[in-house]
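> sequence first, then the predicted structure, then my questions.
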Amino acid sequence: MKKAGEYARRLRRTLPRLKAPRMSRPPTAECLGDQVVRSLLLEFSNETAAATAFKRLREATVDMNELRVTPIAELVESLGAAYPKPREASEAIARTLASIFNRCHHMDLDFLKQMRKREARKWLETLDGMSPFSAAVTVLRGLGHHAVPIDDHVLRWLRGEKLVDPDANLAEVQAFLERTISPARVEPYFHAMRNAAAAWIIKHPPPPPPPPEPVKPEPPRPDPRAAIKPGGKSPARPDAKSAPVATGKSAALAAGGKPPAPAPGKTTVAAAAGSRGGAASHKTPAARPGPVAAPVKSPVAKPASRAAAAHRTAPAASRPTRKPTRPTSRKAARPSRPARRTATGKRSSPRPRARKPARARRARHR
């Protein structure tokens, strides 16, 4: 922190003048799990409200494991309407206890007493839902190590009274206070700073949040209809397939001019006729004869026989009727069987039918 010596002298002159509540001894819990819950409740309220809320939670549950699985809605109801922020505190408790169980698979935190101060504090600060303030309170009252807990209200008060560098963050200010305040005076100064910060915030409420940045309007897009003149139509693009291109005399006449002059050495039919007698000068030039198509030959009918010609010329009543013929035998009426294929792929003749015995054949002929 910049100018740490100057700020330390100001802090030593200001802290003894603050009024701190008289307390016989700092409140402690039976186990570290209870102390974690107390620290989380103290972050959103004062000592009296936090103690009352913790007592209500312990009466509603059997142990820490049941408190861990309790729904947030029931935690909010257990804290009561007198607690300032029951919803925020319930969510922090549920997240922290769940994080402890996910790491250790139990709720006993006595192993933190065997760890070093920095390791135990870092372990607590990395829990989901645990703030630096709650971790410092747990280290101070549960583990008995030196720590100075400060929250956002105390940080605003220190910056407003110019007791710390205004550009320093919470971790830097907390380390600066731990170097400046002795361990024997941490508890009274901790309560004194919280009381002074609560009174100062009432006189200096937090500034309102900045308004959102105005949304810049998008530049207008060019309208394709703006090129069309009022009362007119948009110019249509010519289609190369549908509209033929005019060349030569037709193009000159469409443009309103004169037809092109003939090339030197070439004369039209009208000019030749005018030079002869002048009578055919007004006629249009004759078209050149095109290729003559060859005549299509019709197929020559073959001469029919006399019987066919007589049959065609005879009336319908006199034409002989032809009855359909029936097969003479049952064998001719049946269709021929297809040839079978052997295992080698060669075709074989159809199977011969079984022949009737001689007695049946003789009886049939009789």
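That came through, no problem.
> buried stuff in stretch 51-58?
For stretch 51-58, a neighbour-count test (16 or more other Cβ atoms under 10 Å) marks 52-54, 56-58 as buried. From N, CA and C alone the C-beta is placed, and that goes for glycine too.
> which residue ranges of the protein form strands?
340-341, 347-348 (DSSP state E).
> mind telling me the two of the buried residues of stretch 51-58 farthest from one another?
Spatially, the most separated pair among the buried residues of stretch 51-58 is Thr52 and Arg58, at 11.2 Å (Cβ to Cβ).
> low-confidence regions, the stretch 101-250 of the chain specifically.
226-250 (pLDDT under 70).
> how near is the residue nearest to His191 when sequence neighbours are not counted to Lys113?
The shortest distance from His191 to any non-neighbouring residue, by Cβ to Cβ, 6 or more residues apart in numbering, is to Ala20 (4.8 Å). Ala20 sits 28 Å away from Lys113, taking Cβ to Cβ, to the nearest Å as the criterion.
> looking at those two, which is more packed in?
Comparing Ala20 with Lys113 by other Cβ atoms under 10 Å, the one with more neighbours is Ala20, at 18 against 11.
> check contacts around Glu59.
If a contact means Cβ atoms under 8 Å, 6 or more residues apart in numbering, then Glu59 has no contacts.
> so Tyr189 versus Arg225, what's the distance?
Look at Tyr189 and Arg225: by Cβ to Cβ, they are 76 Å apart.
> between these two, tell me which one has more neighbours.
Comparing Tyr189 with Arg225 by other Cβ under 10 Å, the one with more neighbours is Tyr189, at 19 against 7.
> is it true that that one touches Leu15?
Yes. With contact defined as Cβ atoms under 8 Å, Tyr189 counts as touching Leu15 (5.3 Å).
> what is in contact with these two at once?
Ile181.
> okay, now Asn195: neighbour count?
14.
> I figured it was touching Ala20, is that so?
Yes. Using Cβ under 8 Å, Asn195 is in contact with Ala20, at 7.0 Å.
> so for stretch 115-126, what gets flagged as buried?
By neighbour count on 16+ other Cβ under 10 Å, the buried set for stretch 115-126 is 120-121, 123-125.
> present those residues as CSV; the columns should include distance to His146.
Below are the buried residues of stretch 115-126 laid out as CSV (distance: Cβ to Cβ, whole Å):
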residue, distance to His146
Ala120, 12
Arg121, 10
Trp123, 17
Leu124, 15
Glu125, 16
